[in-house]
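>>> next one to model:
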Amino acid sequence: MRWLRLGLGCCVAALVASCARDSRVPAVGTIERHRFEIAAPASEQIVAMPVTEGQVVHKGDLLAQLDGGDLAASRDSLAALASQLEHRLEELVHGARREELTQAHAQLAAAEAQRLQATKEYERLAELVGRGLTSQSQVDQQKQLRDSAAAAVAVAQAGLELLQEGTRSEQLEQARAALRAAQSQLQEQEVLLARLQLLAPVDGVVEALPYRLGERPALGAPVVIMLAGGVPYARVYIPEPQRAPLHAGQALQVRVDGIAQPFSGTLRYIAGEASFTPYFALTQRDRSRLAYLAEIDLREPAARDLPAGVPVEVLLDRGP
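The predicted structure is shown next:
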């Protein structure tokens, strides 16, 4: 009799569970993790790839290294140009040195001495030509030398005044602008050179390596594809009649295929616009039913190791 009662109780419990399950509507989907595609910032050869598919990596770990020889050479050239422009700007800001001023004074004194000598020689020849002791051509030639000496004095005087006045503000601004442009180009090259080291953006698992060591991916092509670790989430499609009662932050039970115990999840996102039911949720009854995409975070420690792509099911009340 006791065994009969026990068997009857089990049947009743199974029936109640079945009825309870039949009174609810399943929302189906899969386990997902955030996917990252680490793209090539330049079409350069892969010179290092220390990871393998399926390997667990941490944020900041090196995933791949692209060849940066050409960029490094360009960076060094820009660094030299920036240094040259910086020293030129300092020279313009500080003005002429004492030695340069001394040299300019000496050049002016030499030019004045040559003018004085040329002037005296011209006067002497002019006196001689009046007495018929020299030719007019010699006088004209000396006059030309005198005028040239006077012009040299004017040039030396202008050079000295230029050094004494210092650099014009327009010249300083042009020098500063040229230095800023060179520094900007140098910084751009350094950033691009640093980006040739492809690092893991988050903790996770390497899912795929579309290229191998020695290959040259195209600009923007994914070199490493990885899935984020930590909290996975269930991406499910909510049938239209069950959409209205749901809201962000609501607790839901998520059943994963192959695991008897359901997981507690938190509804993080639900779409405001409906879409057609996805291919894996099609049934003869629900083929034309609209569904709303929803994402449910699974924060239980036991859910951290769930693989992406595993089918899940969330049971929702049918409503009135």
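>>> domains in this structure, as residue ranges please.
Under the assignment automatic domain parsing, the domains of the chain span 25-35+229-317, 37-66+196-224, 72-190.
>>> quick check: end-to-end length of the shortest one?
Going back to what we said before, that points to domain 37-66+196-224. 6 Å (C-alpha to C-alpha, to the nearest Å).
>>> tell me how far residue 310 lies from residue 32.
10 Å (C-beta to C-beta, to the nearest Å). C-betas here are computed from N, CA, C, even on glycine.
>>> no wait, residue 61
Residue 61 is 23 Å from residue 32, by C-beta to C-beta.
>>> and if you look at residue 60?
For residue 60, the distance to residue 32 - C-beta to C-beta - is 24 Å.
>>> what of residue 87?
Taken as C-beta to C-beta, the span from residue 87 to residue 32 is 57 Å.
>>> what about stretch 199-209, average pLDDT?
The average pLDDT for stretch 199-209 rounds to 93.
>>> so how far is the host helix or strand of residue 234 from its chain's centroid?
Take DSSP states H and E as the rule and residue 234 turns out to sit in strand 233-239. Distance, stretch centre to chain centre, for strand 233-239: 34 Å (C-alpha atoms, centre = their mean, to the nearest Å).
>>> got the angle for the helix or strand following that strand vs strand 233-239?
The helix or strand immediately downstream of strand 233-239 is strand 251-256, counting by DSSP H and E. Comparing the axes of strand 251-256 and strand 233-239 via axes from the mean of the first three to the mean of the last three C-alpha atoms, to 10 degrees yields an angle of 100 degrees.
>>> now the angle between strand 251-256 and the very next helix or strand once past strand 251-256, please.
Counting by DSSP H and E, the element after strand 251-256 in chain order, helix or strand, is strand 263-270. Between strand 263-270 and strand 251-256, the angle comes out at 110 degrees (the same axes, to 10 degrees).
>>> how far off centre is strand 263-270?
In this view, strand 263-270 has its centroid 33 Å away from the chain centroid, taken as C-alpha atoms, centre = their mean.
>>> using PDB, write down the CA coordinates of it.
Provided in PDB are the C-alpha atoms of strand 263-270 (Å, rounded to 0.1, in the frame of the first residue of the first chain):
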ATOM      1  CA  PHE A 263      19.900  29.500 -13.800                       C
ATOM      2  CA  SER A 264      18.700  32.800 -12.300                       C
ATOM      3  CA  GLY A 265      19.000  35.600 -14.800                       C
ATOM      4  CA  THR A 266      18.300  39.400 -14.900                       C
ATOM      5  CA  LEU A 267      16.600  40.900 -17.900                       C
ATOM      6  CA  ARG A 268      19.000  43.600 -19.100                       C
ATOM      7  CA  TYR A 269      17.500  44.600 -22.400                       C
ATOM      8  CA  ILE A 270      14.400  44.000 -24.400                       C
END
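>>> report the buried residues of it.
Within strand 263-270, the residues that qualify as buried are 263, 265, 266, 267, 270, counting by 16 or more other C-beta atoms under 10 Å.
>>> repeat for stretch 143-154
143, 145, 146, 149, 152, 153.
>>> and residue 310 and residue 32? which has more neighbours close in?
residue 32 (19 against 15; other C-beta atoms under 10 Å).
>>> give me the nearest residue to the more buried one, chain neighbours excluded.
Once flanking residues are discounted, residue 32 sits nearest to residue 235: 4.6 Å by C-beta to C-beta, 6 or more residues apart in numbering.
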